[in-house]
Structures are given as C-alpha cells and as structure tokens.
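Student: Let's see this in three dimensions:
(chains A and B)
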2 protein chains.
Amino acid sequence: MGELRALCAIPSVSARHEAIDPCAELVSRMLERRGFATQVTPTADGGHPIVFGRAAGANRSRKLLFYNHYDVQPPEPLDLWHSPPFDLTERDGSVFARGSKDDKGEFVCRLAALDAVRAVTGTYPCDITWLAEGEEEVGSPHLPAWIDQHESELKVDAAIWEEGGIEVDETPIVRLGARGLLYVELSVKVLARDAHSGQANLLPNAAWRLAWALAWLKAPNEKIMIPGFYDAVRPPTPREEELLREAPKGAAEVMEEFGLKELLGGVTDVNRAYFTPTCNIAGIGAGYQGEGSKTVIPAAAMAKLDFRLVPDQDPHDIHAKLRRHLDERGFGDVQIEVLGAERPGLTDADAPVVKLVAEIGEEIYGKKPRITPLTGGTTPMFLFTERGVPVVAPGVGWGAMNRAHSPNEFMRLVDFERAARHIARLAVRFAEQ
Amino acid sequence: MGELRALCAIPSVSARHEAIDPCAELVSRMLERRGFATQVTPTADGGHPIVFGRAAGANRSRKLLFYNHYDVQPPEPLDLWHSPPFDLTERDGSVFARGSKDDKGEFVCRLAALDAVRAVTGTYPCDITWLAEGEEEVGSPHLPAWIDQHESELKVDAAIWEEGGIEVDETPIVRLGARGLLYVELSVKVLARDAHSGQANLLPNAAWRLAWALAWLKAPNEKIMIPGFYDAVRPPTPREEELLREAPKGAAEVMEEFGLKELLGGVTDVNRAYFTPTCNIAGIGAGYQGEGSKTVIPAAAMAKLDFRLVPDQDPHDIHAKLRRHLDERGFGDVQIEVLGAERPGLTDADAPVVKLVAEIGEEIYGKKPRITPLTGGTTPMFLFTERGVPVVAPGVGWGAMNRAHSPNEFMRLVDFERAARHIARLAVRFAEQ
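Tutor: Numbers count the residues shown, from 1 in each chain, chains lettered A, B, ... in the order given. Predicted structure coming up:
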C-alpha cells in the first residue's frame, strides 16, 4: 500500500487543475520502475498530460491496453470525512482516501497483478500498453484528440478499462457499455451588481431566470422537455434484452444504500433504467447562501447540469437542442458553457475477451458473473469500441458503494487482492488466446 | 468622523451574529456621553440586545423618539470592495464602509445634529428617547415583543425613523410607509449524502425538487402563483392616489443606475410599483459550485426568499398560504423556516410632524419635497404607526444609490451635513409644536 499512499497523497483534483503534473510524473515513474518505456505527453489547449507507457511481452502478437486515470473528484464536503481525504488511512480491512478506489486504487491493483506475473514468469505475457489520463473526472475533454493523434500506437486487441468489479452480493460483474455525457454550466447575469430586494418589482433577478429556465428542462415526472432530446434513443437490441433479463435488478441494493422506500419514479430494474438518459442538476448557486437572511437581488446565477446519454445520442446534438430550446422559451440570456462531451460506448457481448473475463471472474469469486449491457456512469470507452477494440473492466470492489465520488471513499483490501488475481490470470490467458 | 469610523470598524453583521455585543456597548457609550440614561436591554430567545436611552429636554410635554439600528448587512462579495468594508475610508468627498450610510452613518448624523442644538441652547429642546436595535437587517424578529414589553416607556408624540433622505436630483423626500416582509429559507433534503450522478435515474435530486417548487411560486411574468397571495392587497386610497400623482416616477433613475433599457415588466412608475408585493429569490445553493465539473446528485438544497408585502397583507397569513401551496403542489418535502416577518406600516400623510419635516426639507435643500406613500423596502415602523405614533424619516442621502446593501456602500459628506441640519431644526421646532 506504500505506492497507493504516495499516489493518494497528491490531491490531483482535475476540476481545479490541482497537483496534476506531480501526479502524472509519479504515475510515469511507477511504470518505468516496471520496465515500461513511458512518456508524459501533453494534450491540446493546455489540457492535463496523458501518461503513455509500453512494454514488450513474451507473445508480441497479442496486445493488451490498460486504461486508468490519475485525477480525482473534489473531496468536498470536507467535514464529512472521518480521516483526511488525501491521507490514506487503514480501518477495518479497508483503506480510505479520495482515489483509494477511483481510480488510483485500481491502477495500483493492476500493477500488483502484473508484478506477480513477472515474478513468476520473468516477463509480461504479451505486449502491454498503458494509458493514464488526468481528466476523466471532468469528462476527458482532450482524450479524443490525443487518441486520434496516437492511433497508430494504439492498435491493440483489447482494452482493460477502469471501474467494474463486483455486485453488492460479491457476484462479479462484466459491464459492456457506458453512457455518454454532456456536462454544461448554465449562467445568467442580469445586473451589474446585486441590488436591494426592495427593488424586486423593478429589477430582473438572475436566480429567478435560472429557476424558470431549469423548470423548462425537466418536469417533476422526470420527462426531459428539450424538443428532440429522445430522438436518437434506441430501444435495447434483442441481445441487450437477453442480457437485461439475466442481469440483476439491483433496485433493493440501491434503496438500502440510500435508505429509500422506492427509487425515482418507481424504478425496479436498475440496469434497464440505464437505457434512459438523464438531466441532473449537479450544482446551483446564486445570491446569499450564508447564515440567516440577506435581502438582495442576485445579479448572477449559475447551474451545473449533466446529461447521461444512451445509444445513439450524441452530446453535440443535445447541446444544440438545449440551446435552441432555451432560446425558444425566452431564455436567450442563459449562457451555456460545455465542460464535457462524450458519446456512449458499447462492447460486443460475444467478444472472446468478454468470455475470458467472465470465466476468470467465476473462478475468483465463485459465482457466475452477471453481464450488464450498460452502466449508469460515463467513461470514454467509445474511443476504443468505435475503433473495433473490445473493452472490459474487471475492476476492484463495488463502485458507487465505495463512495467513489463522495466523502469517505474507500477500497476493501479483500477486493484489491481478488481483483489483482483476476487481472493476473486475464493477462496470462489473454496472451494465449 | 472619528465616532463613525469606530462604529464601522465593528463588523456587526446580524445575519451571522458577529460583533453584536461590542457594537451595542459602543452605541450605548456614545449616548451616555451625551447625557442619556441608557440600558443595553436583552431581547427574547437570545436575540440581539436593544440599546434604549432617554434624556429630558426643555419642553417635557413633547417627546420625540429616534429609531436606528447598529447591525449591518454582510459585506460579501468581498472582492468587489475598493477599500476594506470595515475600515471607513474617505475618497472624493464621501466615506466608504459597510454601514457608512445604513445605518451607522445616520445614527452619527443625528448625534451630530443634537450636539449642535445642545451647543447653542445648552439643552435638548424636548424629551428624547433613543431605540437602537441590532436585528433590522434580518427582519427585526425580536423588536415587536420588546416593544410590547416596554410600551409604557415608549409613549412618544412622533418617531424619527432610519433611512429616508433625498432623491437622485437632491429633492428631499418624505416617505410615509414601508412594505412588510416575509423572509423564509426553503430547504429540501432527499438523500443521506450526495450521490454519483450516474444514478440520476434512480435517486431523487434536491436541487431539482427546489427548482420545481420555486417555479410554482412565481411565473416568468412576475405573477405570484400562491393561491390567495393577493387577497389582502388593497388599492391605493384616494389620498395615496393623490400622493402618487405628485410623486416622481423614478424609473429613469433606476434604469440609469443599473444600466437597463427598461424596468421589469415595463414598470414606469416606481412609487406605484411599490404597491405591488414581491417574491424575490435572495439566494439559492446546492451541490457542486466550484470550478469545472463534478458529477453529483445533491442530497440537499436551499433557497432564501423574501416577500415584500403591501397593505393589508400579513406575513403570517402569507406563510400559511405558502405552506399550503407547496403541500398541494406535491412539495411537502420542502421545509420552510421563517427568518423574518413584519407587517407594512403607514403614517398619516396629514400629521403635523410630516408637514414639519417637509417644510424644513424645503429650507435645507431648496426644493419642494416629494412625499411618497410607500417605499420598496421594509422597516418595522408598523410597531409605532399601529399605535398611532406618526413616523417620519428625514435621512442622509439617497438610499439604494448609496449601495446600502452592496459592495462599496458610501455616504457623501455633503449629505451628512445637510441631514444633520434637517434633524437639528426638526428637533427644535417639533418641541414648539
């Protein structure tokens, strides 16, 4: 855990561009120590660097790529952490820190797995390519262009993605797809400065403008009201329907975790729900938010929204429709800044590497894996799946249950050990495929 | 300005209960120095103390009360101040600080006026009662009960209120009424903690709940949609209509100040607009408001709202109607905390002290005063007017134009000097009435 402790000690919060370069350097050194030829490569427009590493293996004709990210979510709210967010702390068989699971813990787990393989065989079983980016938590804005540029170096047979892992009941899970994302910041400014609210009959109020604009985006029944928003949504394919029938429903676990009597709109099948896109307010702010009362008219207001997109929605198309909708509803004064845009990605359920991941999962966890066609979250796997490279994610532990984006993020040591064995066997047998 | 500098140096922000006691003590000492018998009296439920002072004058049968407040609005946003908000700074014939006008500047101006009268005549012209509270900026929650308790000591012939002053064109203004206020904080909590927005199909979002609830309160055409909200609103009386016809329209000045091409809903007569109640979002907050993106579902959200109420609306009635409306629209999960409740207050336009204030205003400023029936803001003058005591406010300078609740609040020294003369003559001639 020494390497993970050092990695988690670097507060590489991509949303705030904090400690990015030192973290990329440390990731690079960790790979170099293991015989990788590495480069910390720049991305366009001053984006965060991508660490790129390559090592030759026994079978040069099989090429496996590992994708990770060294950036993390902001640790706020700080007062809810039981130990400092950037000081890896072991308690009750788990380690706690921002990034302990997502995704520094997963990165270190994979290194441990390959260390074990090399210790036994003296070499890597096949060629290994490593790609660790620093902007996953902000929507990977510079990854697509970087991958276009490095396409010739990225010809691999399969990609091992981040995340994935096991269900609450410790059944291994194989996730085949990820939703896309459009992340925008809406802002409106109506006055040069805040004004006394005695003038509220006379002056526009930015918070009201924003509240009304938001109320036009989604109805209380969760229906998104942007014209054409659902146009590109396709129903699950027959193969996806088959997978959905076999996949767990998952509702009881989520209800228990959040202490809810029912899920939103009475959802009972979580995996099916992920085939529906979302419109989420991730943050909103205007005016006086301190203790007590202040009688002001806010001059400016902002909201951060994320849309999770399903096949075959495109974030740029949704952005254009959002703009048009706001304009048509009289909210031309609401500005839209795009902070992230990713397409959904889907791996072929019948790819050999998918079967291999499932097979080894059953060996390690003693349970038949559950294969889900689409996850709730977003990761830029479309950059590979759209190029015909299957993407699998035999990850560490649960995911959201590990409080990946919340205070007290943690990784169980038992999960670390089992995931490392999963990866080790996968690397060896993938080389033999 | 030494006394004002010392007073402004105390950051007595009532919304945050900051530096309240030292400020009350200083106000008390300033009155004692001038021969007042003073008491720093507690208020119910640990509210901020009220400074109460009395001094006898030459004519014991005439009693004049001065009302001021020693608390101030929060100084935020701090980065917009050109000099520190609690360090009184003189520039270009004005002094800048939070409270330099509202209301520490007015308090010191009155002391200067009475000092001048005493210097000339050796005594106060009539009995003087001083009442300085510490919660005006948060809606004076404990003043009504305190006044009920001290009713026998508050039998006066007229009350000189805070605020008031001159128009932009330096015409003296006599304001006869103030709107009431209901200040509430709405809050909603739907989850034990923030969640990953990949689960936005499954979990409720506090920010959405709040945005939808707000959209039910007021329509983009400014119509407040709470059933019965307008029931108690009465049209201006014939006397008020007469005053409105004579009063300035005021729209051009407000448009110029805020760089607007038109006022909200095309208002052209500001004083008439004040006869319409408001529903203002003073603040709203939920989720991630930092730089960049964070993909979370906010567990909790809050908004601060103020309703300016007109005759004969009652804040408690409006609160009950708001609660019922939210319940009926399916927002029983939105909690309401009342942070302030005041009724509108109106002085008889034909009271002798009103005529006196107008007459002296014309002598000082060389212009016929404009008498307005109702102001946009709120002040608890109803506590006196409802007991038959006329309330007038020959104040210092403009008001909102002095950025009373905004960064860089200031008071012009020329306004201080003229207002002091106004008060001095008023005290002398009131004693003779």
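Student: Which parts of the stretch 1-150 of chain A are strands?
Tutor: A:37-41, A:50-55, A:59-69, A:89-91, A:94-96, A:126-133 (DSSP state E, counting those that start in this stretch).
Student: Relative to chain B, which of those strands is closest?
Tutor: Chain B lies closest, by C-beta to the nearest C-beta, to one member of those: strand A:59-69, at 13.6 Å. C-beta coordinates here come from the backbone N, C-alpha and C atoms, glycine included.
Student: So in that sheet, which strands flank the closest one, and in what orientation?
Tutor: Note on strand A:59-69: by DSSP bridges, its sheet partners are strand A:126-133 (parallel), strand A:158-160 (parallel).
Student: that older thread, so of the strands of the stretch 1-150 of chain A, which one's packed in deepest?
Tutor: Comparing the strands of the stretch 1-150 of chain A on average neighbours per residue, with mean count of other C-beta atoms under 10 Å in any protein chain shown, the densest one is strand A:126-133 at a mean of 25.
Student: ok, and what's touching that strand?
Tutor: A:24, A:27, A:31, A:36, A:38, A:48, A:50-60, A:62-71, A:107, A:114, A:140, A:143, A:146, A:153-154, A:156, A:427, A:430-431 (C-beta atoms under 8 Å, 6 or more residues apart in numbering or on different chains).
Student: about what we covered before: with mean pLDDT as new columns, can the strands paired with strand A:59-69 be given to me in a markdown table?
Tutor: Formatted as a markdown table, those follow (pLDDT from 0 to 100):
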| stretch | mean pLDDT |
| --- | --- |
| strand A:126-133 | 98 |
| strand A:158-160 | 97 |
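Student: Tell me which of these sits nearest to residue B:176.
Tutor: strand A:126-133 (66.5 Å; C-beta to C-beta).
Student: Neighbours of the nearest residue to residue A:139 once chain neighbours are set aside, how many?
Tutor: Spatial nearest neighbour of residue A:139, excluding adjacent residues (C-beta to C-beta, 6 or more residues apart in numbering or on different chains): residue A:340 at 2.2 Å. Neighbourhood size, residue A:340 [other C-beta atoms under 10 Å in any protein chain shown]: 23.
Student: got it, and residue A:230?
Tutor: Neighbours of residue A:230 (other C-beta under 10 Å): 13.
Student: And for residue A:241?
Tutor: Counted with other C-beta under 10 Å, residue A:241 comes out at 13.
Student: now swap in residue A:48 and tell me
Tutor: Count around residue A:48 with other C-beta under 10 Å applied: 25.
Student: Which residue is the nearest non-sequential neighbour of it?
Tutor: Closest residue to residue A:48 apart from its sequence neighbours, by C-beta to C-beta, 6+ apart: residue A:134 at 3.3 Å.
Student: Now do the same contact list for residue A:303.
Tutor: Counting by C-beta under 8 Å, 6+ apart, residue A:303 makes contact with A:185, A:186, A:187, A:210, A:214, A:281, A:283, A:284, A:285, B:207.
Student: So the second one is in contact with residue A:338, correct?
Tutor: No. At 10.9 Å, residue A:186 and residue A:338 do not qualify as touching, with contact defined as C-beta atoms under 8 Å.
Student: Looking at the contacts of residue A:303, which is nearest residue B:376?
Tutor: Within those, proximity to residue B:376 (C-beta to C-beta) peaks at residue A:210, which comes in at 23.1 Å.
Student: Mind naming the longest strand for chain A?
Tutor: strand A:177-189 (DSSP state E).
Student: Contacts for stretch A:231-243, please.
Tutor: Identification of contacts with stretch A:231-243 by C-beta under 8 Å, 6+ apart yields A:176, A:244, A:272, A:275-277, A:310-314, A:317, A:349, A:371-374.
Student: name the element residue A:252 belongs to?
Tutor: helix A:251-258 (DSSP states H and E).
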